[in-house]
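Participant: Return a 3D structure for these sequence lines:
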Amino acid sequence: LVGSANRSFREAIREVNNSYRLLASKPGKVLIAKKSADIMKAKAEGKLALILGFQGADPLDDDWINTLPVFQRLGVRVIALTYNEQNRLGSGCIEPNDFGLTAYGAQVVGAMNRMGIIIDLSHVGMKTAMDAIQLSADPVLFTHSNARALNPHPRNLPDEVMKATAAKGGVIGVVAWEVMCTRTPGKKSTLSDFLDHIDYIAKLVGVDHVGLGSDINESFRAMPIRSDFETRYSFMLKDTKEVAPGIVGFSYVHEFPNVSRGLVARGYSDEDIRKIIGGNYMRVIRQVWDKEKQPGFGDD
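Facilitator: So this is what the prediction gives:
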């Protein structure tokens, strides 16, 4: 993420620049992905492909006409419309009243379609999300959200939202965050709970519309002080004592293979597993990133 929640245009530019500084320091190990071919190139060369994205569209300020093309040229390819609370584009998922996509938000959705930037609706309120799904010409992503039928957390998705996402060709990335994943409140969540969410979504809308949205953040655990996130959203962490509540069996990057093993054990075919662990995302990336951009928006 190069534009986290509540970041200004200036702060996001600083974070984008830091990503390019990282690239300059590790040219043999890292590249910034702007096209689907860049991801395949990274895989072939054993590099890490960085996808620049915003978790909340606050860095656009009130001037998307000038800020959004700048970020597109710098390589930003995914933008979440809101982050939990209300902003200029619409309502976040914890707002008591979701008034839907604003006129400004509708303008941004159309512009993102024209510029080849993926719309992310995780953390977005359900009415705002449905408005965006219906308006968007492209598939959308919920990059890290689970099934509300299995866990009533406000970040999780009702069936009708997942069905609308799939009807547009989009993907729901299942998240390994305990408070959103657990099937039993107050009980430590496990890989089995995570796989239950994959099963539920795959059965509801098809295996072509489910992916991995791990949301693993190992750096949270290294911090000796209470994070800003934990302070601000403590009410969402009331059933866990962890700062970044992971799940047993899938709390660290090196545990990704456990997911594939679990899917094999549940009877998924190799083809379906390839879709879930990355193929479905790549389909959306190719459709959105690689299309012809409208003249005047972006440089590629």
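Participant: pLDDT (mean, whole number) over stretch 198-213?
Facilitator: Averaged across stretch 198-213, pLDDT comes to 98.
Participant: got it, and stretch 94-111?
Facilitator: Mean predicted confidence for stretch 94-111 is 97.
Participant: Other residues contacting the helix or strand hosting L204?
Facilitator: In this assignment (DSSP states H and E), L204 forms part of helix 191-205. Contact with helix 191-205 is made by 146-147, 149-151, 159, 162-163, 165-166, 172, 174, 176, 181-183, 209-210, 247-250, 258-259, 262-263, 266, 272, 276, as judged by C-beta atoms under 8 Å, 6 or more residues apart in numbering. The way it works is simple: take the backbone N, C-alpha and C, and place the C-beta from them, glycine included.
Participant: let's see 6 Å
Facilitator: Helix 191-205 has contacts (C-beta atoms under 6 Å, 6 or more residues apart in numbering) with 146-147, 150, 162-163, 166, 172, 174, 176, 181-183, 210, 247, 249-250, 258, 262.
Participant: Tell me which of these fall in strands.
Facilitator: Secondary structure assignment by DSSP state E places 172, 174, 210 of those in strands.
Participant: So what's the residue count around the last one?
Facilitator: So that's V210. 27 (other C-beta atoms under 10 Å).
Participant: now A24
Facilitator: 9.
Participant: Pull stretch 101-120 out as CSV, backbone CA atoms only.
Facilitator: What follows is stretch 101-120, C-alpha atoms only, in CSV (Å, rounded to 0.1, in the frame of the first residue of the first chain):
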residue,chain,number,x,y,z
LEU,A,101,-21.6,6.4,-4.0
THR,A,102,-21.4,10.2,-4.2
ALA,A,103,-21.4,12.1,-7.4
TYR,A,104,-17.7,12.6,-7.0
GLY,A,105,-17.2,8.9,-6.4
ALA,A,106,-19.1,8.1,-9.6
GLN,A,107,-16.7,10.4,-11.5
VAL,A,108,-13.7,8.6,-10.0
VAL,A,109,-15.2,5.1,-10.8
GLY,A,110,-15.6,6.1,-14.5
ALA,A,111,-12.1,7.6,-14.6
MET,A,112,-10.5,4.5,-13.0
ASN,A,113,-12.2,2.4,-15.7
ARG,A,114,-10.8,4.7,-18.4
MET,A,115,-7.3,4.7,-16.9
GLY,A,116,-7.0,1.0,-16.3
ILE,A,117,-7.0,1.1,-12.5
ILE,A,118,-8.7,-1.7,-10.6
ILE,A,119,-11.5,-0.8,-8.2
ASP,A,120,-11.1,-2.3,-4.7
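Participant: how about it: buried residues?
Facilitator: If you call a residue buried by 16 or more other C-beta atoms under 10 Å, then stretch 101-120 has these buried ones: 101-102, 104-106, 108-109, 111-120.
Participant: just stretch 161-177 next, same as before
Facilitator: 161-162, 164-166, 168, 170-177.
Participant: now those in TSV, with distance to E45 and pLDDT?
Facilitator: As requested, these are arranged in TSV below (distance: C-beta to C-beta, whole Å; pLDDT from 0 to 100):
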residue	distance to E45	pLDDT
V161	38	98
M162	36	98
A164	38	98
T165	33	98
A166	33	98
K168	33	97
G170	29	98
V171	26	98
I172	30	98
G173	25	98
V174	29	98
V175	29	95
A176	28	93
W177	32	90
